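S.K.: Here's my sequence, what's the structure:
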Amino acid sequence: MLLLQAVLAAVAVKPNVLYMVFDDFRPDLPFYGQPFIHAPNLWKFANKSLVFDRAYCQIAVCSPSRNSFLTGRRPNSTLVWNFFNSFREAQCPSTTTGTKFTGSVLRTWNGGDPQQTGGAGGCCTSCTGEPSCVGWTYSGTNNKAGGECTLLTSITGATVCPGGVDSHHNRVPCLSGRRGVFPKFTTMPQHFKNNGYLTLGVGKLFHDGGHGFGGNSTDHPEGNGMPPLADPLSWTNSTIQYPACTWNGLKCTCPGLPAFENSYQQSALQHGGAYLVPSGQGSCAGVPDGDGKTFCTENVPDSGVGADPDGGIEGRPPMLDLPVFENAKTKLEFAAANRNATGQPFFLAVGIKRPHLAWRVPVGYIDKYYNPANFTPPLPVQKVLDKSVDPIAWVPFFTTDPYTPLPDDRIRELRRHYYSAISWADYCAGQVLDTLNAVGMDSSTIVLIHADHGWHLGEYGMWEKRTVWELGTRVPFIAHVPWLPQSHGQRTGAPTELVDIFPTLVDLAGISPLEGDAFPLEGRSLQPLLENPSLPTLPDRDFALSTYARCPVIGGQPWNDACIHIVERSEFRFMGYTMRTPLYRYTEFVAWNGTTLSPIWNTVHSRELYNHTLDVPGDGAWERRDDFEDVNLVDEADPALVATLATKLRAAFGTGGRPTLLG
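M.R.: Numbering: from 1, shown residues only. Okay, here's the model as predicted:
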């Protein structure tokens, strides 16, 4: 009783938050029915926490998912479905496709690869950030994906775009728009900062890579990343990755790593302000033991520390996530000391990039899965896509078509290395969790751990993410709230979404609700489940939603798709919308309106229905993780059931597919 009173007293002065995000991590863990996975730290943490058995991302790829759950809004509100855009970009509702504006030119930029400029969204943002700009035109050419933006101080006319197909066999983007608005988005860490928290972070939280043009201000800066510069508005006196060693007493634990240059005005095209760990840390190039690209092992202890002065190995960079957890430990120590000295609570975000490719791990972790006498990785139940499923649902990775699987030995080899990356990620997480205990903050800190999306390991011939299936969208999700003992060591089967995290932490921390943003938070607080894990669903929602675009190349196979990397969102051809209820998954791929960036619901390309009635949470159902979506049942199901699910899906996403911009 005295301990509980002490915890409640700490909560009265606001709890701390430790928020940990993994990358490409499906629920292959011991407490999700996979006992062969070596993950002692997460298992220990799960045993004192609430495990969510049916947690889903809103889009199964890194940057769009992170833009979604870190703002608490779905992709239909952030307008982020690929690696071009971010929620900090302007939105230009008055946009037309197939038209080029003419008039007085303010300036023109051409970045080539639209990932390096933000595409048409970057053009809209450039115009909105220039006081004299009234309109813009963004166009591509027939030999690259696009990238030319023209800003205009006056519009005197318009011409029809030439159209055509680019060298990637996608339609050449060409669209024009009027000056837009910067919709107000407050991120999760930003809201905690605004409520008096010390907000710090390290590693991959917002997405690395890519560039964007901004409004030449600290609110909408230019720079690399999605959003640019790791979103300076979200953090206390520092951006997320690697502050200067002299910042407020913090010291760099890996002196060989560069400090982040907090230079808001650097040109995106000059690649200024790089902020994640050097890319070589994630590379297998030059590592003797491995295939040189997808996986490799380093002959270092399980701690990952090499003999080089910066923790590197024989001149190669340190292990990916080693500097992340070391920096996280340093920041935890700093935040705890600051809390003890000033009473200020902290919000620490830690982005662990494994098990994202490449699977570069210390040799001890692969050894746990490579002895045939001890363990033989299971093979997929369904190795190719069933003919009942339209192949637009599938995308190539490791294989070139959905009907020719990899050899069994190669599947097992890849699975072993993926599992070893999970075990390395578990070690990294354990280092941070142990430090939280060591600094004495475990009883006053909410700890929430999840992944950005799932991953396929050869099921239906599919590898990687980028689907609206269960394996692409379902994630591990664990929450520990010290003062809710009824949730400790429990699990819930209620469908939950990653957009639920933002309102959940606001409720649990007792801070002010978010108000004044362009869009309301679109998730639901999970506090009712933490207070009563036996609830079958949330009081006002019994489903989870996800989406994913499709851009089948013109004249090619339907699965040859490049939406994420080289196709402007105005040139998507279809959008997949899926709804997971406790019993079913229902999906529609519908035509896309590139002008309004919304679905054309009356033009349905394909539908899917899967029966999850026997997929019972908590009974090891994830051990049979590819038993439930092998065959599409939509044509043989009761038409009344399909109609009911279709109506529910469209109502959940909104008949227009997008919410109204409030301001």
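S.K.: As a check, name the ranges of all strands in the stretch 251-400 of the chain.
M.R.: Assigned by DSSP state E, counting those that start in this stretch, the strands in the stretch 251-400 of the chain fall at 289-290, 295-298, 346-352, 359-362.
S.K.: Give me the sheet partners of the first one and which way each runs.
M.R.: What it means is strand 289-290. Strand 289-290 has the following strand partners under DSSP bridges: strand 295-298 (antiparallel).
S.K.: For the partner strand, which outside residues touch it?
M.R.: Residues outside strand 295-298 that contact it (CB atoms under 8 Å, 6 or more residues apart in numbering): 284, 287, 289-290, 304, 306, 313, 316, 319, 358-363, 365-366, 414, 417, 420. Where C-beta positions appear, they are placed from N, C-alpha and C, glycine not excepted.
S.K.: wait, what's in contact with the closest residue to Cys92 other than its chain neighbours?
M.R.: Nearest in space to Cys92, with sequence neighbours left out and distances taken as CB to CB, 6 or more residues apart in numbering, is Gly180 at 3.3 Å. Contacts were defined as CB under 8 Å, 6+ apart; by that measure Gly180 touches Ala90, Gln91, Cys92, Pro93, Ser94, Cys124, Thr125, Cys127, Thr128.
S.K.: Out of those residues, list just those in helices.
M.R.: Residues of those located in helices (DSSP state H): Cys124, Thr125, Cys127, Thr128.
S.K.: wait, isn't Arg580 in contact with Tyr56?
M.R.: Yes: between Arg580 and Tyr56 there is a contact under CB atoms under 8 Å: 6.0 Å.
S.K.: the more surrounded of the two?
M.R.: Set Arg580 next to Tyr56 and count neighbours by other CB atoms under 10 Å: Tyr56 wins out with 29 against 25.
S.K.: Can you list the low-confidence ranges for the chain?
M.R.: For the chain, the stretches with pLDDT under 70 are 1-12, 111-113, 141-146, 165-169, 216, 237-282, 372-374, 618-623, 655-663.
S.K.: Specify the strand with the largest residue count in it.
M.R.: As assigned by DSSP state E, the longest strand anywhere in the chain is strand 144-160.
S.K.: Endpoints of stretch 511-530, how far apart?
M.R.: 18 Å (CA to CA, to the nearest Å).
S.K.: which residues of the protein fall in helices?
M.R.: Using DSSP H, helices in the chain cover 2-12, 40-46, 62-69, 75-78, 119-128, 188-194, 322-342, 363-367, 408-438, 470-473, 501-509, 527-531, 563-566, 639-653.
S.K.: before we move on, the earlier item: are there residues contacting both of Arg580 and Tyr56? Which ones?
M.R.: The contact lists of Arg580 and Tyr56 share Thr473, Pro495, Ala544, Leu545, Ser546, where a contact means CB under 8 Å, 6+ apart.
S.K.: Reformat these as a markdown table; add distance to Val389 and neighbour count.
M.R.: Converted to a markdown table, those look like this (distance: CB to CB, whole Å; neighbours: other CB atoms under 10 Å):
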| residue | distance to Val389 | neighbour count |
| --- | --- | --- |
| Thr473 | 16 | 29 |
| Pro495 | 22 | 24 |
| Ala544 | 20 | 26 |
| Leu545 | 20 | 24 |
| Ser546 | 16 | 30 |
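S.K.: And those, which is closest to Phe346?
M.R.: Phe346 has its nearest neighbour among those in Ala544, at 30.1 Å by CB to CB.
S.K.: Contacts only, for the closest one.
M.R.: Arg54, Ala55, Tyr56, Thr473, Pro495, Thr496, Glu497, Met579, Arg580.
S.K.: same check, this time on Ser303
M.R.: Pro362, Tyr427.
S.K.: for Ala651, same thing?
M.R.: Ala651 neighbours (CB under 8 Å, 6+ apart): none.
S.K.: What sits closest to Pro476 if chain neighbours are left out?
M.R.: Pro27 (4.4 Å).
S.K.: List the backbone torsions phi and psi for the one you found.
M.R.: Note on Pro27: its backbone torsions stand at phi -80, psi 50 [degrees, to the nearest 10].
S.K.: What number of residues are in the vicinity of the spatially closest residue to Phe31 that is not a sequence neighbour?
M.R.: The spatially closest residue to Phe31, leaving aside those adjacent along the chain, is Ala46, at 4.4 Å (CB to CB, 6+ apart). Using other CB under 10 Å, Ala46 has 21 neighbouring residues.
S.K.: Check whether His207 really touches Pro228, as I assumed.
M.R.: No: with contact defined as CB under 8 Å, His207 does not count as touching Pro228 (10.7 Å).
S.K.: Those two - which one has more neighbours?
M.R.: For the pair His207 and Pro228, the greater number of neighbours falls to Pro228 (30 against 25), based on other CB under 10 Å.
S.K.: Go through stretch 301-321 and flag the buried ones.
M.R.: Neighbour-count burial for stretch 301-321, counted by 16 or more other CB atoms under 10 Å, picks out 304-306, 310-313, 316-321.
S.K.: could you dump those to JSON lines with distance to Pro345?
M.R.: As requested, the buried residues of stretch 301-321 are exported to JSON lines (distance: CB to CB, whole Å):
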{"residue": "Gly304", "distance to Pro345": "31"}
{"residue": "Val305", "distance to Pro345": "32"}
{"residue": "Gly306", "distance to Pro345": "36"}
{"residue": "Asp310", "distance to Pro345": "33"}
{"residue": "Gly311", "distance to Pro345": "31"}
{"residue": "Gly312", "distance to Pro345": "36"}
{"residue": "Ile313", "distance to Pro345": "38"}
{"residue": "Arg316", "distance to Pro345": "39"}
{"residue": "Pro317", "distance to Pro345": "34"}
{"residue": "Pro318", "distance to Pro345": "31"}
{"residue": "Met319", "distance to Pro345": "31"}
{"residue": "Leu320", "distance to Pro345": "30"}
{"residue": "Asp321", "distance to Pro345": "26"}
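S.K.: So which of those is the closest to Pro173?
M.R.: Using CB to CB, Leu320 is the member of the buried residues of stretch 301-321 that sits closest to Pro173, with 34.0 Å.
S.K.: Please report the distance of the nearest residue to Cys174 once chain neighbours are set aside from Ser444.
M.R.: Spatially, and ignoring its direct neighbours in sequence, Cys174 is nearest to Cys161 (3.5 Å; CB to CB, 6+ apart). Taking CB to CB, to the nearest Å as the measure, Cys161 falls 59 Å from Ser444.
S.K.: And Gly196, by the same measure?
M.R.: Taking CB to CB, one finds Gly196 at 15 Å from Ser444.
S.K.: Neighbour count for these two, which is higher?
M.R.: Taking other CB under 10 Å, Gly196 and Ser444 do not tie; Ser444 has more neighbours (20 against 11).
S.K.: Arg585 pairs with what?
M.R.: Under the criterion used (DSSP bridges), Arg585 bridges to Arg580, Tyr610.
S.K.: What degree of burial does it show, as a neighbour count?
M.R.: For Arg585, using other CB under 10 Å, the count is 25.
S.K.: Next: Arg541.
M.R.: Arg541 is flanked by 16 other residues according to other CB under 10 Å.
S.K.: about what we covered before: list the contacts for the residue nearest to Cys174?
M.R.: Gly98, Thr99, Lys100, Ser139, Val172, Cys174 are the contacts of Cys161 under CB under 8 Å, 6+ apart.
S.K.: From Gly290, how far off is the closest residue to Ser283 other than its chain neighbours?
M.R.: Using CB to CB, 6+ apart and skipping the chain neighbours, the partner closest in space to Ser283 is Ala358 (6.2 Å). To Gly290, Ala358 is 8 Å away according to CB to CB.
S.K.: same check, this time on Leu433
M.R.: From Leu433 to Gly290 the distance is 29 Å (CB to CB).
S.K.: ok, these two, which is more surrounded?
M.R.: Per other CB under 10 Å, whichever of Leu433 and Gly290 has more neighbours is Leu433, with 23 against 20.
S.K.: Count the neighbours of Ser443 for me.
M.R.: Ser443 has 16 nearby residues by other CB under 10 Å.
S.K.: ok, now how distant is it from Tyr419?
M.R.: Between Ser443 and Tyr419 the computed distance is 33 Å (CB to CB).
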